[in-house]
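A.B. asks: I need the structure of the sequence given here:
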Amino acid sequence: MQYRTLGSTGISVSVVGVGTWQFGGEWGHDFTPGEVDAILGTAREEGLNLIDTAECYGDHLSESLIGCRLRHERDQWVLATKFGHSFHHFMDRTRHWTGEAMRGQLEASLKALQTDYVDLLQFHSPTDEEFLNEELWRELEKVKQEGLVRHVGLSVSNNGNVMQVERSPEAHCETLQVVYNRLDRVPEEEVLPAAQRLNIGVLARVPLASGFLGGRHKPGAQFPPNDWRSTMDREKREALLAEAQRVHREEVPSGASLAEWALVWPLRHGAVTAVIPGCRTAEQVRDNARAVRLLG
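C.D. replies: Numbers count the residues shown, from 1 in each chain. I've put the predicted structure just below:
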């Protein structure tokens with residue numbers, strides 16, 4: 001495994017982390033504590049030390065499953081979670097953006113994670129109005145001073161929203177999470193250069209393009225109704241699958257799988273610190289870790 005420093009935080013993170021939206025039950029599978037324990041155990045064996053989760057991956061469900069493992073080895077992990085939403089049921093959330101709501105969500109996250117602090121607390125896909133909230137910024141500073149949070153970050157919903165990136169220092173955000181992969185290069189235009197200039201550490205989420213760059217799904221693939229990809233516009237989904245096939249044929253070097261190549265592709269941009277792919281099994285974690293060999 002390789003490691004990089006996450007922006008101005010000074011934290012050393014594995015260049016491949018563990019994304020955990022899937023643990024919340026919206027990817028067509030309900031995970032058991034044993035399955036999550038096996039995934040995280042394998043991640044540690046492979047040198048991964050970064051976990052990214054959120055308050056609304058289930059109703060703190062992902063965090064609860066992670067907490068069962070982390071309580072025994074908290075000091076071995078860099079733990080990132082988020083605030084801003086409440087989960088109700090499949091693909092249904094409400095938004096909550098006051099300082100009081102943030103604190104309540106954080107307290108629930110800490111309880112679920114069975115820890116007394118998180119390394120990184122991130123704005124979770126705020127609108128511009130929700131982000132530009134000085135009352136919320138002050139409350140975030142308070143939870144940092146209280147030792148509940150070590151660093152604050154921003155996870156943007158619009159991966160071209162350079163305004164929020166430019167204003168991040170005012171909100172004391174030291175990290176940025178953004179969708180960036182071979183099928184979605186919008187951040188290269190303004191967002192990544194801005195983050196690099198401001199020394200904001202970048203976590204590239206969805207590096208495998210929601211599995212479309214994983215090599216398993218071909219054009220015409222069907223997804224179960226409890227998998228969020230089934231809610232995508234069919235034409236858009238087919239276009240992504242077809243483009244992934246073209247990329248596989250024309251760009252992936254000999255000896256590498258599409259998934260391996262796609263996973264390290266964002267890491268070649270100078271602004272990107274780490275990628276945070278999801279995983280369903282311990283073997284997928286091993287595959288993700290092995291991809292680092294392509295970085296040289």
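
A.B. asks: Could I get the full set of helices for the chain?
C.D. replies: In the chain, the helices defined using DSSP state H lie at 33-45, 61-70, 99-113, 128-131, 134-145, 162-167, 191-197, 234-250, 258-264, 282-290.

A.B. asks: Please name every helix or strand in contact with the fourth one.
C.D. replies: It refers to helix 128-131. helix 162-167 (3 or more C-beta pairs under 8 Å, 6 or more residues apart in numbering; DSSP states H and E). To be clear about C-beta, it is placed using only N, CA and C from the backbone, and glycine gets the same treatment.

A.B. asks: what does the helix it packs on contact?
C.D. replies: Helix 162-167 is contacted by residues 126, 128, 131-132, 154, 156, 176, 190-191, 194-195, 198, 200 when judged by C-beta atoms under 8 Å, 6 or more residues apart in numbering.

A.B. asks: Using JSON lines, lay out the residues you listed together with pLDDT, neighbour count and distance to Leu40.
C.D. replies: Output for the contacts of helix 162-167, formatted as JSON lines (pLDDT from 0 to 100; neighbours: other C-beta atoms under 10 Å; distance: C-beta to C-beta, whole Å):
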{"residue": "Pro126", "pLDDT": "96", "neighbour count": "24", "distance to Leu40": "28"}
{"residue": "Asp128", "pLDDT": "96", "neighbour count": "11", "distance to Leu40": "35"}
{"residue": "Phe131", "pLDDT": "97", "neighbour count": "23", "distance to Leu40": "31"}
{"residue": "Leu132", "pLDDT": "97", "neighbour count": "15", "distance to Leu40": "36"}
{"residue": "Leu154", "pLDDT": "98", "neighbour count": "25", "distance to Leu40": "25"}
{"residue": "Val156", "pLDDT": "96", "neighbour count": "25", "distance to Leu40": "27"}
{"residue": "Leu176", "pLDDT": "98", "neighbour count": "29", "distance to Leu40": "25"}
{"residue": "Glu190", "pLDDT": "97", "neighbour count": "15", "distance to Leu40": "35"}
{"residue": "Val191", "pLDDT": "97", "neighbour count": "26", "distance to Leu40": "30"}
{"residue": "Ala194", "pLDDT": "97", "neighbour count": "19", "distance to Leu40": "33"}
{"residue": "Ala195", "pLDDT": "97", "neighbour count": "25", "distance to Leu40": "28"}
{"residue": "Leu198", "pLDDT": "97", "neighbour count": "16", "distance to Leu40": "32"}
{"residue": "Ile200", "pLDDT": "98", "neighbour count": "25", "distance to Leu40": "27"}
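
A.B. asks: between the residues you listed, which is nearest Glu243?
C.D. replies: Comparing those against Glu243 with C-beta to C-beta picks out Val191 as the nearest, at 21.3 Å.

A.B. asks: which stretches of this structure have low pLDDT?
C.D. replies: Along the chain, segments meeting pLDDT under 70 span 26-27, 91, 215, 220, 228.

A.B. asks: could you redo the last one with a cut-off of 90?
C.D. replies: Low-confidence segments of the chain (pLDDT under 90): 21-31, 56-61, 68-72, 86-96, 157, 208-249, 253-256, 278-280, 296.

A.B. asks: what sits against the closest residue to Arg293 other than its chain neighbours?
C.D. replies: Distances taken as C-beta to C-beta, 6 or more residues apart in numbering put Glu260 closest to Arg293, at 8.0 Å, once the chain neighbours are dropped. With contact set as C-beta under 8 Å, 6+ apart, Glu260 has these partners: 287, 290-291, 293-294.

A.B. asks: Also Asp116?
C.D. replies: Counting by C-beta under 8 Å, 6+ apart, Asp116 touches 110, 147-148.

A.B. asks: that older thread, please spell out the PyMOL selection for the buried subset of the contacts of Glu260.
C.D. replies: Selecting only the buried entries of the contacts of Glu260 in PyMOL, with 16 or more other C-beta atoms under 10 Å as the criterion:
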select buried, resi 287+291+294
